[in-house]
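Chemist: mind looking at a prediction? Sequence and model below.
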Amino acid sequence: MDVRRLASPDDLAGLQRVNTLAWRAAYSGLVPESVLDSLSTGVSDDTAERRFEELREADGRVFVAQRDGDIVGYARVRWADTERFVNPGDAGLTALYVHPDHWQDGIGTALLERVLDSLPDGTDALVLEALAGNERAQSFYTRRGFVHAGSRTAEFAGEELETAIYRRDL
């Protein structure tokens, strides 16, 4: 497996597929099924090009995990213009998703380690939020040194849902 930075608009198709399949598997019972059913595993060339440029110009990084030519996971971290629960000096892990067929293969850990290695010097903490009922994610992060730092209501796909905020001091 190779973990690398997002390299081209072509990567967005794999990223979208992973995102949709991970959402459907991880959020079933937590997010309305109508929301999960509306997710698409595909992305048009125009959308991929536009989204790639947006991600390339944003402060932060997107990493993909690739195995046998297929993208099987991705992570996005930002250190400027992040979510309101991220303090100045902190970085926000805005996404970390792995294809469900590859859960428990070490891909999430490899992505998280790459994110941590990419943070600018002087970053105080890495902060994220997970759906309050997502025990798999909460367990993953606590086993890797994150502590529960609060909760809030956030919008996910048009729905107001409870989230848990996790923080790892650096």
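Modeler: Looks like it came in fine.
Chemist: please name the bridge partners of the residue nearest to residue 107 when sequence neighbours are not counted.
Modeler: Leaving aside its sequence neighbours, residue 107 sits nearest to residue 73 (C-beta to C-beta, 6 or more residues apart in numbering; 4.3 Å). Heads up, the C-betas are built off the backbone N, CA and C, glycines and all. For residue 73, the beta-bridge assignment (DSSP bridges) gives partners residue 65, residue 98.
Chemist: contacting residues around residue 73?
Modeler: 18, 64, 65, 96, 97, 98, 99, 102, 107, 108, 111 (C-beta atoms under 8 Å, 6 or more residues apart in numbering).
Chemist: distance to residue 46, neighbour count and pLDDT for these - can I get that in TSV?
Modeler: Formatted as TSV, the contacts of residue 73 follow (distance: C-beta to C-beta, whole Å; neighbours: other C-beta atoms under 10 Å; pLDDT from 0 to 100):
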residue	distance to residue 46	neighbour count	pLDDT
18	20	25	96
64	21	22	97
65	26	27	98
96	27	23	98
97	23	24	97
98	27	26	98
99	25	22	98
102	29	18	97
107	29	24	98
108	31	22	98
111	27	26	98
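Chemist: can you redo those residues as a markdown table with distance to residue 79?
Modeler: A markdown table is the format used below for the contacts of residue 73 (distance: C-beta to C-beta, whole Å):
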| residue | distance to residue 79 |
| --- | --- |
| 18 | 23 |
| 64 | 19 |
| 65 | 21 |
| 96 | 16 |
| 97 | 20 |
| 98 | 23 |
| 99 | 26 |
| 102 | 27 |
| 107 | 23 |
| 108 | 20 |
| 111 | 17 |
